[in-house]
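Peer 1: below is the sequence, then the predicted model.
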Amino acid sequence: MKEFMKSQKNNLIVSLTAAFVLGFFAPLDFYFSTKNEFWVDLYNILPGVLLVSAGCFVVLFFTTFGLGRIPKAGKTISHIWMYIIIILTVCFYIQGNFMEVPYGALWGADIEWDTYGLYNLTSTVTWIGIVIAFSAVIVMVKHDKFMNIMRIIMICLMITTAVSLVLVCFRYKGLEHKQLKKSTTDNEWVYSRNKNFNILVMDAFDSQIFCDLMSENGTDEYNRVFEDFTFYRDTACVYTLTDYSVPTILTGQCFFNQSTYGDFIEKAYSESPLFNRLQAEGWNENVYMGITLPQGEASDQFDNVKRVEYRAIKPSYLIVDYYGLVGFKYMPTPLKRFFYDRYIAVSENVMAKTIDGKTVDAEAGEYYDNTYMWDHVQWVKGTPEIKASTDEPVFHYYHLQGVHNPRQYTLEFKKIEGDEWVDYDEEAEVCVRIIGAWLYMLKEQGAYDNSVIMIMADHGLNDYNRDGEYKNSMQCPILFIKGYDEHHDFRVSDIPVSFLDLQNVYGHLLDGTTSDEAFRETMDKYDIDFEEISQTYSADELVEKWDSYDGYDKKVGRERMVYLTFFRRAMGVDSTNEEGFYEGMTEYPAYNSEKLFQTGRFIE
């Protein structure tokens, strides 16, 4: 055996390094650094990672050994095989750790792969260059000398990746068993006979697209659904990603990378003027949200939040999909597109194992686990259960899929399976119908007149252009507001508003202010004459104006408000300096999503 291992030392080191770096280091490093972005627990994937790593080593080692046993040409073939393993290991390692592509935050939208030609070229040239460089050395240097050098390099690579893995593991507390706090459906349809405050978020529902829909379809349906509401069509969301926008909506605070995201939302929610007031006044607070939920004490105030431990619906698929997910990071750039959908597969292959320590019945069906699901059609199917059954004041924050990708529901609420998506406009119409059904049930059960209701999006999503500068704009979400006992026709306001001012607005609405007066104090703060701009008008009048606008006109007010509420406050930019506005928009990383999220990671 000693002689055998000595004769196979090159094979042993090369096979072990390849199996360790690609089979063990790559998935675990990815897990630790994205620990809070997926439901997956270390112990869900660790057995599979160990099995794959060991399997890779065995296959590589004995394949090399077997090739060497081929008569006559076996030695040469085994050497070439080892060279291939070495080159591929080095290429994958460099690609995955030093050649990240700035795709932005990957949240389900299609990637315009053709726009990354330079990165495709750079990756291809790098791989070809490494192959040529190794080949040249192999030709010029004798095999034994080459392998002596490569043994040292391979051992150093193993040590480097092992140390890196340990460090990242400790940094992200990677060994801790993941028990997440999650929103459950508890109290989802429980409303107060006295006072309710409801915020319904339809993800990615764009204000300008809503105006387009009224222009194209007529206003009758919208006037019926949004009767009693004021539509603030000129709303700026500040952030264009859910993870950052939701804390701003609920707390008024902005994430500037000043700490870890988890620490930020923990602090922001605990300091939220809205939540602090609700808690002080004895409200029953319920939030139905995903990754934006704090995992510490700040979420203890929410009555529907429980500790949940997850497991895979199909465990055998999980490890395959997870390695596919890792492949998105390590594959050469031109091939990454073939691995992009694996994160969706991993995200959807999940069900609750325990809730508050109690084992969940796995036979109870798809939605058996009682944890919040953001599927808007599944959500609306529960509205017949609405009951005004308590005297306590009740707060609900519902965050639903809305028109966020993947858009899979037709106007008949039928789900399209596979890779096909319905048009944005059709999914938006689905959302309007869902909103109408929810509001109808609130009225039927006596939980409408006594409710403050805000219907909004966390960000927009549209393709308006101004010389190509604002393609795929996402700063323009819908915002509809109804106060207590408010009754009037659906009306529209051109007041330029921002999510940064919502905390002030919540307070006024809780005090009984009507929707058209809710931003008065905010406008005064910005030295804007409220009386001059506060005149509301009908949806039909909006359509008349809207049809005469071009893309620039539809954005100009909103751009101004983003500037007023964000850059003037955060940067001290002169409010009369338009050049300063655009300069700030380009340079301030917490606002400019294109710069902030150029990391190639799924959520940064």
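Peer 2: Thanks, I have it. Numbers count the residues shown, from 1 in each chain.

Peer 1: span of stretch 221-229 from start to end?
Peer 2: In stretch 221-229, first residue to last residue: 14 Å (C-alpha to C-alpha, to the nearest Å).

Peer 1: how about stretch 138-148?
Peer 2: With C-alpha to C-alpha, one end of stretch 138-148 sits 12 Å from the other.

Peer 1: and the gap between residue 90 and residue 411?
Peer 2: 53 Å (C-beta to C-beta, to the nearest Å). For every residue, glycine as well, the C-beta is placed using N, CA and C.

Peer 1: out of these two, which sits in the busier spot?
Peer 2: Higher neighbour count among residue 90 and residue 411: residue 90, with 22 against 11, using other C-beta atoms under 10 Å.

Peer 1: tell me where the model's unsure across the stretch 451-600 of the chain.
Peer 2: Residues of the stretch 451-600 of the chain that meet the criterion pLDDT under 70 lie in 462-473, 549-600.

Peer 1: kindly recompute the last result at 80.
Peer 2: 462-475, 525-528, 546-600 (pLDDT under 80).

Peer 1: and the closest residue to residue 539 other than its chain neighbours, its phi and psi?
Peer 2: In space, and not counting its chain neighbours, residue 539 is closest to residue 219: 4.1 Å by C-beta to C-beta, 6 or more residues apart in numbering. Note on residue 219: backbone dihedrals following degrees, to the nearest 10 are phi -100, psi 0.

Peer 1: and the pLDDT for the residue lying farthest from the centre of the chain?
Peer 2: Most distant from the centre of the chain: residue 72, at 56.9 Å, with distances by C-alpha atoms, centre = their mean. The model reports residue 72 with a pLDDT of 85.

Peer 1: doesn't it belong to a helix?
Peer 2: No. According to DSSP: H, G, I helix; E, B strand; the rest coil, the state of residue 72 is coil, so it is not within a helix.

Peer 1: just give me the longest helix of this protein.
Peer 2: helix 143-171 (DSSP state H).

Peer 1: and that helix, what does it pack against?
Peer 2: helix 9-18, helix 26-33, helix 74-98 (3 or more C-beta pairs under 8 Å, 6 or more residues apart in numbering; DSSP states H and E).

Peer 1: mind doing that once more with 10 Å?
Peer 2: For helix 143-171, the packing partners by 3 or more C-beta pairs under 10 Å, 6 or more residues apart in numbering; DSSP states H and E come out as helix 9-18, helix 26-33, helix 74-98, helix 117-140.

Peer 1: now the second one against helix 143-171, angle please.
Peer 2: On the basis of axes from the mean of the first three to the mean of the last three C-alpha atoms, to 10 degrees, helix 26-33 is oriented at 20 degrees to helix 143-171.

Peer 1: what's helix 26-33 packed up against?
Peer 2: Helix 26-33 packs on helix 42-68, helix 74-98, helix 143-171, helix 315-330, going by 3+ C-beta pairs under 10 Å, 6+ apart.

Peer 1: and if we set it to 8 Å?
Peer 2: helix 42-68, helix 143-171, helix 315-330.

Peer 1: turn the ones you listed into TSV, including distance to residue 491 and mean pLDDT.
Peer 2: TSV is the format used below for these (distance: least, C-beta to C-beta, whole Å; pLDDT from 0 to 100):
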stretch	distance to residue 491	mean pLDDT
helix 42-68	51	95
helix 143-171	52	95
helix 315-330	47	93
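
Peer 1: winner for burial among those helices?
Peer 2: Comparing the helices and strands packed on helix 26-33 on average neighbours per residue, with mean count of other C-beta atoms under 10 Å, the densest one is helix 315-330 at a mean of 20.

Peer 1: which strands and helices sit next to that one?
Peer 2: helix 26-33, helix 42-68, helix 74-98, helix 342-348.

Peer 1: want to throw those helices into a markdown table with distance to residue 336?
Peer 2: Formatted as a markdown table, the helices and strands packed on helix 315-330 follow (distance: least, C-beta to C-beta, whole Å):
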| stretch | distance to residue 336 |
| --- | --- |
| helix 26-33 | 14 |
| helix 42-68 | 21 |
| helix 74-98 | 10 |
| helix 342-348 | 11 |
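
Peer 1: returning to what we had before: specify the angle between the longest helix of the chain and helix 9-18 in degrees.
Peer 2: Using the same axes, to 10 degrees, helix 143-171 lies at 30 degrees relative to helix 9-18.

Peer 1: next secondary structure after helix 143-171?
Peer 2: Per DSSP states H and E, the first helix or strand lying C-terminal to helix 143-171 is strand 180-183.

Peer 1: ok, and what's touching the following helix or strand past that following strand?
Peer 2: Downstream of strand 180-183, the next assigned helix or strand under DSSP H and E is strand 190-192. The contact list for strand 190-192, computed with C-beta atoms under 8 Å, 6 or more residues apart in numbering, reads 284, 386-394, 396, 442, 445, 447, 450-451.

Peer 1: return the members of the residues you listed classed as buried.
Peer 2: The neighbour-count test (16 or more other C-beta atoms under 10 Å) marks 284, 386, 388, 393, 394, 396, 442, 445, 447, 450, 451 as buried among these.

Peer 1: among those residues, name the ones in helices.
Peer 2: residue 442.
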